[in-house]
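Engineer: sequence first, then the predicted structure, then my questions.
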Amino acid sequence: MAVTNWILRGLAALALLPLLAAQPAAAPGLAATLRASRWQHRLLLIGAPTAREADFRRQKELLAAASAGLAARDFNVLEVAYDQLSPAE
């Protein structure tokens, strides 16, 4: 059940990609990375309030275990700790 919730949170973060891409980037950061990846890679964005969150660490572990499959499908995983984002992001 926890894994399902975890996956749903990741999918919710993916729903934010269009909003993030529409933000003007004052400096290189998340929005610039998203724009640079457009049409180049499939992106899987995982996020949490901090990198120390247990769910965030668990999601990273699950994705690491699936890294070969993600690479075969040309996925790039972007890890976002919200406390590390600039105000513009």
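Structural biologist: Looks like it arrived, so ask away.
Engineer: can you name every helix or strand that the host helix or strand of Thr33 contacts?
Structural biologist: When secondary structure is defined by DSSP states H and E, Thr33 falls within helix 30-37. When contacts are defined as 3 or more CB pairs under 8 Å, 6 or more residues apart in numbering; DSSP states H and E, helix 30-37 sits against helix 17-22, strand 75-81. Glycine gets a C-beta too; all of them are placed from N, C-alpha and C.
Engineer: what is the least confident helix or strand in the chain?
Structural biologist: In the chain, the helix or strand scored least confidently by mean pLDDT, DSSP states H and E is helix 17-22, which has a mean of 52.
Engineer: Arg42 is in contact with Leu78, isn't it?
Structural biologist: No - using CB atoms under 8 Å, Arg42 is not in contact with Leu78; the gap is 11.0 Å.
Engineer: more neighbours: which of those two?
Structural biologist: Using other CB atoms under 10 Å as the criterion, Arg42 and Leu78 rank with Leu78 on top: 16 against 11.
Engineer: for that one, what are its contacts?
Structural biologist: Each residue near Leu78 by CB atoms under 8 Å, 6 or more residues apart in numbering is listed here: Leu30, Thr33, Leu34, Leu43, Leu44, Leu45, Ile46.
Engineer: show me what it is bridged to.
Structural biologist: Counting by DSSP bridges, Leu78 is bridged to Leu45.
Engineer: surely Asp74 and Arg42 touch.
Structural biologist: Yes - the criterion here is CB under 8 Å, and Asp74 meets it with Arg42 at 5.6 Å.
Engineer: any weak-confidence spans in the protein?
Structural biologist: Along the chain, the parts satisfying pLDDT under 70 run over 1-28, 89.
Engineer: lovely, talk soon.
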